[in-house]
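Visitor: Sequence first, then the predicted structure:
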Amino acid sequence: MRNLLRGLPVLVGAAPQFDPAQAPSDPVALFISWLRHAIERGVVEPHAMTLSTVGAAAGTGGPRPSARVLILKDIDVAGWHFGVSSASRKGADLARNPAVSLTFYWPTLGRQVRVDGIAVPDPPTVIAEDFLARSEGARAMVLTGRQSQPYTDPAEIGEALAKAHLELEHSPALVPAEWVSYAVRADAVEFWQADSTRRHRRLRYERDGSSWSTTLLWP
């Protein structure tokens, strides 16, 4: 397996031009620019991101990280937005510890972005808008209230979904109490541009009061 993995090509993406000296003072502006570029270049699901949370203590080993892929719902002055069910494992993690990390990776462009910060619940109106904008199937699955729970028979899922769809039929504007939309208020954001000679360009933003400071990092 080691030889197989060693033989796989890496850094094959067509890296765009990136001059850290020309980067804007706010990482949100640079992120939006990179995201728009990924969309224009046809990157598949460019808004997919890995959400890393701090899990519960495992035995005597202490808290451990837990990661999964979610979809970015919005980005604005409040931060990077995503929605979760509080009944899920990630929802439980966030309730215990709001410290999170987001990772975006666009391999065809040789780019990735890391966002470290605190997940802050959105206002109720934003949470409701986020939930109601989801597809009916996605809303029905949340209404089952069973995310991350074990099951033994696939029929359980079908029965729960049928009941949830009936709920939506009777109450199309229903927003379950367990649905939460978060905004990640970033403390640090790192932009990484690949280089085939391994002279990757890395620009790290760190929050400094109401503004940001930037640092160039070695590859």
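Guide: Structure's in. What do you need? Numbers count the residues shown, from 1 in each chain.
Visitor: Below-threshold pLDDT in the chain: ranges please.
Guide: 58-60 (pLDDT under 70).
Visitor: Output the longest strand belonging to it.
Guide: Longest strand in the chain, counting residues (DSSP state E): strand 179-193.
Visitor: now for the helix or strand that that one is followed by, which elements pack on it?
Guide: Using DSSP states H and E, the helix or strand that follows strand 179-193 in sequence is strand 201-208. Helices and strands touching strand 201-208, by 3 or more Cβ pairs under 8 Å, 6 or more residues apart in numbering; DSSP states H and E, are strand 179-193, strand 211-217. C-beta coordinates here come from the backbone N, C-alpha and C atoms, glycine included.
Visitor: Show me how far the host helix or strand of Gln112 is from its chain's centre.
Guide: Using DSSP H and E, Gln112 falls within strand 111-121. The chain centre lies 8 Å from the centre of strand 111-121; the measure is Cα atoms, centre = their mean, to the nearest Å.
Visitor: what's next to it, contact-wise?
Guide: Residues external to strand 111-121 that are found in contact with it (Cβ atoms under 8 Å, 6 or more residues apart in numbering): 13, 15-16, 31, 34, 38, 78-80, 94, 98-106, 127, 180-194.
Visitor: Swap in 7 Å and give it another go.
Guide: Strand 111-121 is contacted from outside by 31, 34, 79-80, 94, 98-105, 180, 182-194, using Cβ atoms under 7 Å, 6 or more residues apart in numbering.
Visitor: Write the ChimeraX selection for whichever of those are buried.
Guide: Remark: buried members of the contacts of strand 111-121, expressed as a ChimeraX selection using 16 or more other Cβ atoms under 10 Å:
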select :31,34,79,80,94,98,99,100,101,102,103,104,105,180,182,183,184,185,186,188,189,190,191,192,193,194
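Visitor: Can you get me a residue count around the nearest residue to Ser196 once chain neighbours are set aside?
Guide: Excluding the flanking residues, the one nearest Ser196 by Cβ to Cβ, 6 or more residues apart in numbering is Leu11, at 5.2 Å. By other Cβ atoms under 10 Å, 13 other residues sit near Leu11.
Visitor: can you check the one 4 residues further on too?
Guide: As a burial measure, the neighbour count of Ala15 was computed by other Cβ under 10 Å and equals 17.
Visitor: Start at 49, not 1
Guide: With the count now opening at 49, the last piece we talked about shows up as Ala63.
Visitor: which residues does the closest residue to it other than its chain neighbours contact?
Guide: Distances taken as Cβ to Cβ, 6+ apart place Gly158 nearest to Ala63, at 4.0 Å, with adjacent residues excluded. Gly158 sits next to Leu59, Gly61, Ala63, Gln241, Ala242 when contact means Cβ under 7 Å, 6+ apart.
Visitor: so the spatially most central residue of the chain, which of the three states?
Guide: Central residue of the chain (Cα atoms, centre = their mean): Met97, 3.9 Å from the mean position. Three-state assignment for Met97 (DSSP: H, G, I helix; E, B strand; the rest coil): strand.
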